[in-house]
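*Asks:* just to be clear, the model below is a prediction. Sequence and coordinates:
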Amino acid sequence: MPDSVSKPDFQADSPLAVEGGPGWFTGRKWPWPPADEEIGRSLQRLWHSGDWGRYTPPVLEQLRGELCRRFGVEGAWLCSSGTVAVELALRGLGIKPGQEVLLAGYDFPGNFRAIEAVGARPVLVDLAPGAWHLDPEAIPAACSPQTRAVIVSHLHGMLAPMPRILEVARACGLLVLEDACQCPGATIAGRAAGSWGDAGVLSFGGSKLLTAGRGGAVLSSQAEVLQRIKVFAGRGNDAFPLSALQGAVLLPQLEKMHQRHRKRLAAAAHLVEKLRQAPGVQVPPLPGPDAASPAFYKLGLWLPEAQARPELRPRWLQAAAAEGIPLGEGFRGFATRGARRCRRVGPLEQARRAAAATLLLDHAALLAPPEVVEALGRRLVQIARWAIGEPGA
Ligand SMILES: *Cc1c(COP(=O)(O)O)cnc(C)c1O
């Protein structure tokens, strides 16, 4: 398998595929996971050692150690998925039936379910304006005497302002669960995303930046959080395990996490710069030389007109699919869920807008060679013009 897509035979002004053009990337693949000899060698070593068949292989001890070192936490609990990691983290934080947990009205669907799974009640808070993360300033008014914790997710290449979130949450007496499933390698004020909360979670799912097909982890520096998880998950055996084989494929990826992070960051910066010139689409702020360095599982884009013109997003998706560009839509959000399942705080306008107006470019496109990324940028600008109906797009 090639490490990245081959050079596109792309003419700058050729018509879009939806207009009868050749279809720029159709038939090509954006390879993920990338072909990586190191992963093969790591599996070979595991096979030779016989540890692939053990319950508690040294490779998992090594993985825990590497996660702690690279994320700057005291402990890591390995488990079978990011979704289970969120539930285990809530149990680790001691969330009990009848209590409330805040989360954004636009988030990964499993996070809502994880709150329900521990018997607690989700409370929906709006997003910060123009962002995909919850609004820290909305936290105080959302709290009731039953509220115990807040789940904060870093989504689509944007980072939640963790220092401010911790400050507000602490003032309200809330525990913080930081969902870093989409951003391993990102830093906020020099500190790893995923290490700020009382607990943080990672996913090793098949589409994620660190992938073992399946898998997840809870990060925490609080011994009692990890101890509660151990008691819950230990049923004579670990009920939600990560295997030695999964550990072996993850270790070489951790080695390359920062190198790939920089490559994706450069590609995202180029595309964001390019799309600034495009009509009808809004891009996230470019990472400045300051504190935060986002990681891109998906590069998120907004269509500001999408709520008024519901045909816009399908047009983008249709045009991108015809080109072979890996572009999808965002989460559906929870703003329309009924009062039986959750408590809603305010009209959740930003969450509704995110659910209607988000487009996501997959990270595999960001690992392509620079000339491919450049051509992709030009193509996306062309799609933007076509989607709003600009003549000559
Ligand atoms: C993918 C994801 C998860 C869940 O991870 P799985 O390993 O797929 O269960 C949780 N939160 C966010 C924000 C995610 O993107």
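*Replies:* All right, it came through fine. Residues are numbered from 1 along each chain as shown.

*Asks:* all strands in this protein, in order from the N-terminus.
*Replies:* 75-79, 100-104, 121-125, 147-153, 175-179, 187-188, 191-192, 199-203, 216-220, 298-302, 327-329, 343-344, 358-362 (DSSP state E).

*Asks:* redo these as CSV? Include mean neighbour count.
*Replies:* Every C-beta, even on glycine, is put in place using the N, C-alpha and C of the backbone. Below are the strands of the chain laid out as CSV (neighbours: other CB atoms under 10 Å):
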stretch, mean neighbour count
strand 75-79, 24
strand 100-104, 27
strand 121-125, 24
strand 147-153, 25
strand 175-179, 26
strand 187-188, 20
strand 191-192, 17
strand 199-203, 30
strand 216-220, 28
strand 298-302, 23
strand 327-329, 16
strand 343-344, 18
strand 358-362, 22
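
*Asks:* which residue sits closest to Gly21, ignoring its sequence neighbours?
*Replies:* Of all residues not flanking Gly21 in the chain, Pro15 sits nearest, at 3.6 Å (CB to CB, 6 or more residues apart in numbering).

*Asks:* again, but for Ala142
*Replies:* What sits nearest to Ala142 in space, not counting adjacent residues and going by CB to CB, 6+ apart, is Val345, at 4.3 Å.

*Asks:* now for the closest residue to the ligand within the stretch 251-393 of the chain: which residues touch it?
*Replies:* At 6.6 Å from the ligand, Tyr297 is the closest residue in the stretch 251-393 of the chain, using CB to the nearest ligand atom. Each residue near Tyr297 by CB atoms under 8 Å, 6 or more residues apart in numbering is listed here: His156, Gly157, Cys181, Gln182, Cys183, Ser207, Lys208, Leu209, His363.

*Asks:* return the member of these nearest to the ligand.
*Replies:* Nearest to the ligand among these, counting by CB to the nearest ligand atom, is Cys181 at 3.6 Å.

*Asks:* distance check, the residue of the stretch 51-200 of the chain found nearest the ligand against Pro122.
*Replies:* Residue nearest to the ligand within the stretch 51-200 of the chain: Gly82 (2.3 Å; CB to the nearest ligand atom). Separation of Gly82 from Pro122 (CB to CB, to the nearest Å): 18 Å.

*Asks:* the spatially closest residue to Gly194 that is not a sequence neighbour and Ile188: what is the separation?
*Replies:* In this structure, Gly194 finds its nearest non-sequential neighbour in Ala180, 3.2 Å apart by CB to CB, 6+ apart. Distance check for Ala180 against Ile188: by CB to CB, it reads 10 Å.
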